[in-house]
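**Q** Pasted the sequence and its predicted model underneath.
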Amino acid sequence: LSPELGGQGFGQVKLGLITPLTGGASFYGERQRQGVELAVDVINKRGGILGKQITVIVEDNQTNNAQTVALVRKVSSDQDIVAIVAPVQSGTFMAGAPIAESVGIVWASAGAGGLWGDGLPNAWTFRNTYPFSKMVDDFMRKVAAEMKPSSIAAIYSPDNEGMVSPQKIGAATLASLGIDSRTVLTAPTGTRNFGPQITTLIQANPTAVHINLSTGDAALFMRQARDRELKSQFISAALGLVDLQVIKLSGGAAEGAIVPATFDPTASVPATVEFVKAWNAKHGVLSDFLSAYAYDIVFTLAEAMKAAGTTTDRKAVRDAFGKIKNLCLAAGCYTWNGPGDATGGSIRLVRLSSKGFLSWP
């Protein structure tokens, strides 16, 4: 058995996974599911957690807040489930957090990064991605320094908290830098015709367009915009477009889009090498980063259980999770000072390309 994960006990460890497998965020949910399942495969082959094999109970929240709330209650009612991997989408993650607190179960997201709502984070909520409050500001400052834009327009979905947060933060950063960001357009999730928004953008002719739309919507927007010969540079500060599949989905229109990279999949760090090798063997060439964070959250829960010496005591696992220091995994090193976001983090700018993620500039 792996000395990292312990070697005592028998039976199984039960984790919940509530993620969007249908609905507007299903593209992200599938990435999350794949990352979680890959981590389970790797850990189980090593001997499991404290000698126990991991079983994951997967539930589809349908990209719906009410469904998420109901599923937190359902999943947590199984006392053998020690923790729940929470949705990648910020809105549904926030919706489930108060319920996780009320029932007393770890609610840990790999991917959600939106601004915390009132009363959050609570004692049971954790996230391992670089929060938008830091990532978007950092991204915009780096883009502005390199691009020296005269104006940056924006398009976002007002019904999706995961898109509203980066829009608010990005606008505030641009205002602080004195960059014209007056052209702000909205498009509800599921918009099929971006004609009116594109007409406005053509007239405004901004240096760049900050896209805060879900993956499918963003791909369609970029395709339609390029078909109408909008020349502006596409940029996106959230993690949803850090996926090479967007190039295919957009018919090539996403080629050259600038996005933030929060880790380097080519790094020689042992945990990163192991993840990429396992991913490539199961799914082919790695084309996104969200799956790495999902992979890491399972390893983090394993570390918390090992430190707590239990795979069943929810409060002990919660307390151990909040004390994790410098745990280096596939997508980086993590430290928590209690619940909430992992501390630290940084980004570099990359360009989406049919050749992979290319450093920019």
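**A** The structure has been received and is ready for your questions.

**Q** which residues of the stretch 51-200 of the chain fall in helices?
**A** 65-76, 90-103, 132-147, 161-177, 195-204 (DSSP state H, counting those that start in this stretch).

**Q** Out of those helices, which is the most enclosed?
**A** helix 90-103 (a mean of 23; mean count of other Cβ atoms under 10 Å). For the C-beta atoms, the positions are set from N, CA and C on the backbone; glycine is no exception.

**Q** Measure how that one sits relative to helix 65-76, angle-wise.
**A** Calculated by axes from the mean of the first three to the mean of the last three Cα atoms, to 10 degrees, helix 90-103 forms an angle of 40 degrees with helix 65-76.

**Q** So what's the gap between helix 90-103 and the chain middle?
**A** The chain centroid and the centroid of helix 90-103 are separated by 16 Å, computed with Cα atoms, centre = their mean, to the nearest Å.

**Q** tell me the mean pLDDT for it?
**A** Helix 90-103 shows a mean pLDDT of 96.

**Q** Also stretch 293-301?
**A** 98.

**Q** List the buried residues in it.
**A** By neighbour count with 16 or more other Cβ atoms under 10 Å, stretch 293-301 contains the buried residues 293-301.

**Q** Distance to F321 for the helices of the stretch 51-200 of the chain - can I get that in JSON lines?
**A** What follows is the helices of the stretch 51-200 of the chain, written out as JSON lines (distance: least, Cβ to Cβ, whole Å):
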{"stretch": "helix 65-76", "distance to F321": "16"}
{"stretch": "helix 90-103", "distance to F321": "13"}
{"stretch": "helix 132-147", "distance to F321": "21"}
{"stretch": "helix 161-177", "distance to F321": "23"}
{"stretch": "helix 195-204", "distance to F321": "42"}
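
**Q** Determine which two of the buried residues of stretch 293-301 are furthest apart.
**A** Across those, the longest distance by Cβ to Cβ is 12.9 Å; it joins Y293 and L301.

**Q** I'd like to check which residues are in contact with D217.
**A** In this structure, D217 makes contact with 24, 157, 187, 189-191, judged by Cβ atoms under 8 Å, 6 or more residues apart in numbering.

**Q** ok so, going back, for the buried residues of stretch 293-301, which one is nearest G322?
**A** The nearest member of the buried residues of stretch 293-301 to G322, counting by Cβ to Cβ, is T300 at 11.1 Å.

**Q** wait, isn't G338 in contact with I324?
**A** No: the pair G338 / I324 is not scored as a contact, 10.5 Å apart, by Cβ atoms under 8 Å.

**Q** higher neighbour count, the two?
**A** Higher neighbour count among G338 and I324: I324, with 18 against 12, using other Cβ atoms under 10 Å.

**Q** Tell me, what's the model's pLDDT at L1?
**A** 29.

**Q** Next up, the contacts around the residue most central in space within the chain.
**A** For the chain, G111 is the residue whose C-alpha lies nearest the centre (Cα atoms, centre = their mean; 2.0 Å). By Cβ under 8 Å, 6+ apart, G111 lies in contact with 28, 32, 87-89, 129, 239, 290, 293-294.

**Q** F299 too?
**A** F299 is in contact with 39, 43, 327, 329-330, counting by Cβ under 8 Å, 6+ apart.

**Q** what do you get if the cut-off is 6 Å, keeping everything else the same?
**A** Listed by Cβ atoms under 6 Å, 6 or more residues apart in numbering, the contact set of F299 reads 39, 329.

**Q** does it count as helix, strand or coil?
**A** F299 carries the three-state label helix when classified by DSSP: H, G, I helix; E, B strand; the rest coil.

**Q** As a check, name the ranges of all helices in the stretch 201-350 of the chain.
**A** 215-227, 245-249, 270-283, 290-308, 314-321.

**Q** Need these in TSV (columns: distance to D60).
**A** TSV is the format used below for the helices of the stretch 201-350 of the chain (distance: least, Cβ to Cβ, whole Å):
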stretch	distance to D60
helix 215-227	17
helix 245-249	20
helix 270-283	20
helix 290-308	15
helix 314-321	23
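
**Q** Now do the nearest residue to G338 once chain neighbours are set aside, the pLDDT please.
**A** Nearest non-adjacent residue to G338, counting by Cβ to Cβ, 6 or more residues apart in numbering: G322, 4.4 Å away. Note for G322: predicted pLDDT of 98.

**Q** With Q8 instead?
**A** For Q8, the model assigns a pLDDT of 39.

**Q** cool, E4 as well?
**A** 36.

**Q** same deal with G48?
**A** For G48, the pLDDT comes out at 97.

**Q** since we're on it, how many residues are nearby?
**A** Neighbour tally, G48, other Cβ under 10 Å: 24.

**Q** Over to it: give its phi and psi.
**A** When read as degrees, to the nearest 10, the backbone of G48 gives phi 90, psi -160.

**Q** All further residue positions should be reported with the first residue as 40.
**A** Renumbered: residue one is now 40, and that last one reads G87.

**Q** hey, what's the residue nearest to it when sequence neighbours are not counted bridged with?
**A** Among residues not flanking G87 along the chain, I93 sits closest, at 6.2 Å (Cβ to Cβ, 6+ apart). Beta-bridge pairing of I93 under DSSP bridges involves V52.
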